[in-house]
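In: Build me a structure from this.
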Amino acid sequence: MSFLQTSLLTHRQRVLRLYKAAVKNERSWYSDRDEWRFRAVVMRDRFEKNRNVHDLVKAQALLAQGELELEKNRHPNPLQYPNCPGGVAYGREPISPDWVMDTWHPMEKAQFPDYFAKRAALKKDHIEWYVKKYGLTKYNPEEEGHPHEIHDIDAHH
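Out: Numbering: from 1, shown residues only. Here you go, the predicted structure:
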């Protein structure tokens, strides 16, 4: 969530966000799931008791009081799931580039025939689009029938 507020939130949205943050905060304090669920039910009951407050001044005062209570009771080291932003493992597993699939052994590719058939068709379409848009270049000499030329070009640089 960004620091800069770019839109106004309704009272209902602020209450829902407060409830969600409060339940997540309780999860950080209680590692035992049964204890956390009990605390979450108690938290829900506290919100439900004030659900039908129609006086906007009183409702906003309750909301401000709840936000202050949340800040006062916020866990110093909140629970974060490892692969989520802010978690210890976030971004550790790099996304493999597409060319890695070209290095698969034919026996490995045989296990996924539909995928590799579709991939080959998409790759062919992409090469046709590239040649149509950019023409034949020194970087795609296989299309010109000179596959050795790219190695000679790179060797001289």
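In: can we go C-alpha only for contacts and neighbour counts from here?
Out: Will do.
In: mind listing what's buried in stretch 47-62?
Out: 47, 59, 62 (16 or more other Cα atoms under 10 Å).
In: Just give me the closest of the residues you listed to residue 117.
Out: residue 47 (55.1 Å; Cα to Cα).
In: how about the helix or strand that closest one falls within: buried residues?
Out: Assigned by DSSP states H and E, residue 47 belongs to helix 33-49. For helix 33-49, the neighbour count (16+ other Cα under 10 Å) marks 36, 39, 40, 47 as buried.
In: what's the distance between that helix and the middle of its chain?
Out: Distance, stretch centre to chain centre, for helix 33-49: 28 Å (Cα atoms, centre = their mean, to the nearest Å).
In: ok, residues contacting whichever helix or strand comes after it?
Out: Next helix or strand after helix 33-49 toward the C-terminus (DSSP H and E): helix 56-72. Identification of contacts with helix 56-72 by Cα atoms under 8 Å, 6 or more residues apart in numbering yields 11, 14, 15, 18, 21, 22, 53.
In: Stretch 28-42 now?
Out: With Cα under 8 Å, 6+ apart, stretch 28-42 has contacts from 23, 26, 27, 75, 77, 78, 79.
In: What's the ChimeraX line that selects buried ones from these?
Out: The buried residues among those can be selected in ChimeraX (16+ other Cα under 10 Å) with this line:
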select :23,26,27,79
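In: rewinding a little: which one among the buried residues of helix 33-49 gets closest to residue 101?
Out: Of all those, residue 36 has the smallest distance to residue 101: 44.5 Å, by Cα to Cα.
In: Most widely separated two among the contacts of stretch 28-42?
Out: Maximum pairwise distance among these (Cα to Cα): 15.1 Å, between 23 and 77.
In: and the helix or strand containing residue 16 with helix 33-49, angle?
Out: Secondary structure assigned from DSSP H and E places residue 16 in helix 11-29. If you take axes from the mean of the first three to the mean of the last three Cα atoms, to 10 degrees, helix 11-29 sits at 160 degrees to helix 33-49.
In: Okay, buried residues for helix 11-29 please.
Out: 14, 15, 18, 19, 22, 23, 24, 25, 26, 27, 28, 29.
In: tell me the pLDDT at residue 18?
Out: The per-residue pLDDT reported for residue 18 equals 95.
In: Equivalent analysis for the one 4 residues further on, please.
Out: Here the pLDDT value assigned to residue 22 is 95.
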